[in-house]
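Novice: Test case, fold it:
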Amino acid sequence: METARSGPLLGSSPSVPRVAVDHCSGCGRCVAACLLHLVTLEQQGHRKAARIVSAERCTRCGACIASCPIGALITDTP
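Specialist: Residues are numbered from 1 along each chain as shown. Next up, the predicted model:
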């Protein structure tokens with residue numbers, strides 16, 4: 001298994017993940033999983049939700065997607 005710094009994880013995605021804000025619980029697991037610190041939690045009304053802060057720097061490793069217990073990080077690929 002490789003990391004975001006060294007290359008893709010098994011099952012990585014060819015597209016940058018995006019956050020389904022309506023489903024995000026704000027648990028922060030994706031923030032901890034991103035070795036490049038590209039995911040943050042931001043206030044969304046009365047709760048917090050994840051946000052990808054630098055999509056162009058994302059290596060598409062899939063760590064944030066794999067860490068989300070409810071599937072709130074998604075990609076546009078099948």
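
Novice: now the spatially most central residue of the chain, nearest residue through space, not along the chain?
Specialist: The centroid of the chain falls nearest to Cys64 when counting by C-alpha atoms, centre = their mean (3.5 Å). In space, and not counting its chain neighbours, Cys64 is closest to Cys30: 4.0 Å by C-beta to C-beta, 6 or more residues apart in numbering. Yep, even glycine has a C-beta here, placed from its N, CA and C like the rest.

Novice: where does the one you found land in three-state SS?
Specialist: helix (DSSP: H, G, I helix; E, B strand; the rest coil).

Novice: can you pull the contacts of it?
Specialist: By C-beta atoms under 8 Å, 6 or more residues apart in numbering, the residues touching Cys30 are Val39, Ala50, Cys64, Ile65, Ser67, Cys68, Leu73.

Novice: so how far is Asp76 from it?
Specialist: Note on Cys30: its distance to Asp76, by C-beta to C-beta, to the nearest Å, is 17 Å.

Novice: cool, and Cys58?
Specialist: Taking C-beta to C-beta, one finds Cys58 at 13 Å from Asp76.

Novice: just Val31 next, same as before
Specialist: In terms of C-beta to C-beta, Val31 sits 22 Å off from Asp76.

Novice: Compare the two and say which one has the larger neighbour count.
Specialist: Val31 (17 against 10; other C-beta atoms under 10 Å).

Novice: which residue packs closest to that one, ignoring adjacent ones?
Specialist: That would be Val39: by C-beta to C-beta, 6+ apart, it lies 4.9 Å from Val31.

Novice: tell me, how many neighbours does the one you found end up with?
Specialist: 24.

Novice: Next one, pLDDT for it please.
Specialist: Looking at Val39, its pLDDT is 97.

Novice: got the contact list for it?
Specialist: Counted by C-beta under 8 Å, 6+ apart, Val39 has contacts Cys30, Val31, Ala33, Ala50, Arg51, Ile52, Val53, Cys64.

Novice: Thank you kindly, that will do.
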